[in-house]
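[1] Fold the following, please.
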Amino acid sequence: MCSHPEDLTDLKVTSAPDDERLVDMLLAGTPDRVADLAAREARAELDGLREALAMVGFALEPVRPSEGLRGRLGAALEGMPSPARPVTTALVVMDMLKDHLAPGSVLEVPRAREIVPAVKARIDRARAEGTAVFFLVDHHEAGDPELEDWSRHNTGEPLEELWPELGPAQPEEVVTHRTYSGFFGSRLDEALRARGVERLVLTGCVTEIHLFATATDALQRGYAVEVPADCQAGSDPMVEQVILGTLSIMRPVRALAATRASAA
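    The predicted structure is shown next:
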């Protein structure tokens, strides 16, 4: 790594092609979360390039930013949450149901059984900390067209459909939904708003369907979303990695977050 700003003049000449691509990304203002994901196999090189570019910046004469740039910076700072204000979090346990976890069930997700201990530990911790816990239950009435596409599943009483080890305690809420997203056609958003929730810790299954749809809906409603890797289950570990990687670069839609705050 170069130790002096003047040593950086040869940075591009001595860089490998991949390093040049990373430099281009950094100079273009690519968000850190996107650059980190693109360079996950070369994080050390990326960090070194960030340090080198920072040294270049410190060596240059300061330039007063344009009015347009100052305006964008000001707007970005105003949109950032105050670190002094606590953010209300809810733990959401999604579709940890008998028809997904029972061996041989029609829509079995074998990996979901593996995450039961981790999800249970999250629930216990949330209860101990006083964090709200919501249980989402995919539920279908007789005649639901979705049963034609996905076979008959989750048609019993919602409380009875929950995996026994992960049942709710009073006054925790059970919210039913009938399609991919837990928000679509359900009372989830209303229930979260009633508690002032701004951040979701989303757990359960199926990662590439219900969790992904619910997480993107939450982000578009202005919620921050975390999906712990040890508390989610999809059809395959590689599929899970793709979904978690995609969600890692997405952030809440701030305009909608502001609307939610003003309506509260």
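
[2] Grab the longest helix from this structure for me.
    helix 43-59 (DSSP state H).

[3] Can you show me the CA trace of it as PDB?
    Written as PDB, here are the backbone C-alpha positions of helix 43-59 (Å, rounded to 0.1, in the frame of the first residue of the first chain):
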ATOM      1  CA  ARG A  43     -12.600  -7.000   0.000                       C
ATOM      2  CA  ALA A  44      -9.000  -6.400   1.100                       C
ATOM      3  CA  GLU A  45      -8.200  -4.900  -2.300                       C
ATOM      4  CA  LEU A  46     -11.300  -2.700  -2.200                       C
ATOM      5  CA  ASP A  47     -10.400  -1.400   1.300                       C
ATOM      6  CA  GLY A  48      -6.900  -0.600   0.100                       C
ATOM      7  CA  LEU A  49      -8.200   1.300  -2.900                       C
ATOM      8  CA  ARG A  50     -10.600   3.300  -0.600                       C
ATOM      9  CA  GLU A  51      -7.600   4.200   1.600                       C
ATOM     10  CA  ALA A  52      -5.600   5.200  -1.400                       C
ATOM     11  CA  LEU A  53      -8.300   7.400  -2.800                       C
ATOM     12  CA  ALA A  54      -8.900   9.000   0.600                       C
ATOM     13  CA  MET A  55      -5.200   9.900   0.700                       C
ATOM     14  CA  VAL A  56      -5.500  11.500  -2.800                       C
ATOM     15  CA  GLY A  57      -8.400  13.500  -1.600                       C
ATOM     16  CA  PHE A  58      -6.600  14.800   1.500                       C
ATOM     17  CA  ALA A  59      -3.600  15.800  -0.700                       C
END
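
[4] What is that helix packed up against?
    helix 17-27, helix 32-38 (3 or more CB pairs under 8 Å, 6 or more residues apart in numbering; DSSP states H and E). (Each C-beta comes from the backbone N, C-alpha and C, glycine too.)

[5] list the buried ones in the following helix or strand past it?
    Sequence order places helix 67-79 as the next helix or strand after helix 43-59, per DSSP states H and E. If you call a residue buried by 16 or more other CB atoms under 10 Å, then helix 67-79 has no buried ones at all.

[6] can you give me how far helix 67-79 is from the chain middle?
    Chain-centre distance of helix 67-79: 26 Å, with CA atoms, centre = their mean, to the nearest Å.

[7] Quick one: mean pLDDT over that helix.
    When pLDDT is averaged along helix 67-79, the result is 77.

[8] before we move on, what about stretch 101-110?
    Computed over stretch 101-110, the average pLDDT equals 89.
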